[in-house]
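# using only what follows, build the 3D model:
(one chain, ligands or ions: 1)
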Amino acid sequence: MKCKCPECDGEITIPKDAVEGEIVTCPDCGLEYELTFDKDGKCNLKTAEVVGEDWGE
Ligand SMILES: [Zn+2]
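Numbers count the residues shown, from 1 in each chain. Predicted coordinates for the structure are as follows:
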């Protein structure tokens, strides 16, 4: 399955056995996304909560 990167429109290959919540990385821009599926079974990429933003200190 292929999914489009919301950031750069690049193509991200989703492994067949990927499950919801899996983290996928865009090969083009390197951003990480959490994989979700909509009700049609289409893949949907949600920006992953990445560490390193603000540790509150
Ligand atoms: Zn990308």
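# helix, strand, or coil at the residue most central in space within the chain?
Geometric centre of the chain, nearest residue: Y33, 2.4 Å, by Cα atoms, centre = their mean. Secondary structure, DSSP: H, G, I helix; E, B strand; the rest coil: Y33 is strand.
# who touches the closest residue to V19 other than its chain neighbours in this structure?
Distances taken as Cβ to Cβ, 6 or more residues apart in numbering place L35 nearest to V19, at 7.6 Å, with adjacent residues excluded. All C-beta spots, glycine's among them, are computed from the backbone N, C-alpha and C. By Cβ atoms under 8 Å, 6 or more residues apart in numbering, L35 lies in contact with 3, 14, 18-24, 43-46.
# write a PyMOL command that selects only the buried members of the residues you listed.
Per 16 or more other Cβ atoms under 10 Å, the buried members of the contacts of L35 correspond to this PyMOL selection:
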select buried, resi 3+18+24+43+45
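# how close does the residue nearest to V19 sit to the ion?
Here the criterion is Cβ to the ion, to the nearest Å. By it, L35 lies 14 Å from the ion.
# got the residues of this protein near the ion?
Proximity of the chain to the ion is confined to 5, 7-8, 10, 26, 28-29 under the rule Cβ under 5 Å from the ion.
# give me that answer again for 8 Å
Residues of the chain lying close to the ion (Cβ under 8 Å from the ion) are 5-10, 12, 26-31.
# out of those residues, who's the most crowded?
The residue in the residues of the chain next to the ion with the most neighbours, by other Cβ atoms under 10 Å, is I12 (22 neighbours).
# distance of K42 relative to E32?
Remark: distance between K42 and E32 (Cβ to Cβ, to the nearest Å) = 20 Å.
# go on, E20?
15 Å.
# hang on, D38 packs against K46?
No - contact criterion Cβ atoms under 8 Å: D38 and K46 do not qualify, at 11.0 Å.
# for P15, give me phi and psi.
phi -60, psi 150 (degrees, to the nearest 10).
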